[in-house]
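Peer 1: Structure for this input, please:
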Amino acid sequence: MHFSPLFLACLMALLVGRPAMGSLGANLFIAPTASDSRSPCPLLNTLANHGFMARSGLNISVDEMVQAMDVALNLDPFLTQPIAELGATTSTTGTNGTMNLADLNQHRGE
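Peer 2: Below you'll find the model as predicted:
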């Protein structure tokens with residue numbers, strides 16, 4: 001079985017990330033609607049569902065994703081910047097450096 005680098009990075013983030021508990025009160029869970037974009041990565045979906053990045057999952061910038069992982073999970077941007085940039089290579093938004101979460105639901109090279 002072959003896993004994408006982005007999936008493995010999300011799994012690693014789930015295992016080593018530490019939530020910044022003081023900031024969670026403002027980030028209550030809101031279930032996605034039918035028009036929201038979600039990825040195959042539960043971690044990124046959780047960040048969107050809790051408002052650490054755009055709840056719609058649409059037009060998320062690399063910087064927004066890096067900041068969300070820093071604030072919510074206390075992950076160093078040095079680690080998350082390349083992951084977010086890799087995700088942006090599959091973008092269908094038409095704007096460089098942005099992505100919809102559903103864009104990550106494809107294999108590289110397809």
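
Peer 1: hey, let's count contacts and neighbours off CA atoms from now on
Peer 2: Will do.

Peer 1: What score does Thr90 have for pLDDT?
Peer 2: If you check Thr90, the pLDDT there is 84.

Peer 1: Give me the three-state assignment for it.
Peer 2: Look at Thr90: counting by DSSP: H, G, I helix; E, B strand; the rest coil, its state is coil.

Peer 1: Just give the number of residues close to it.
Peer 2: 21 (other C-alpha atoms under 10 Å).

Peer 1: ok, now Thr46?
Peer 2: Neighbours of Thr46 (other C-alpha under 10 Å): 18.

Peer 1: Remind me which helix or strand Ala72 belongs to.
Peer 2: helix 62-73 (DSSP states H and E).

Peer 1: in that helix, what's buried?
Peer 2: Across helix 62-73, burial judged by 16 or more other C-alpha atoms under 10 Å covers Val62, Glu64, Met65, Val66, Gln67, Ala68, Met69, Asp70, Val71, Ala72, Leu73.

Peer 1: Next, find the distance separating the fifth one from Ser91.
Peer 2: So that's Gln67. 19 Å (C-alpha to C-alpha, to the nearest Å).
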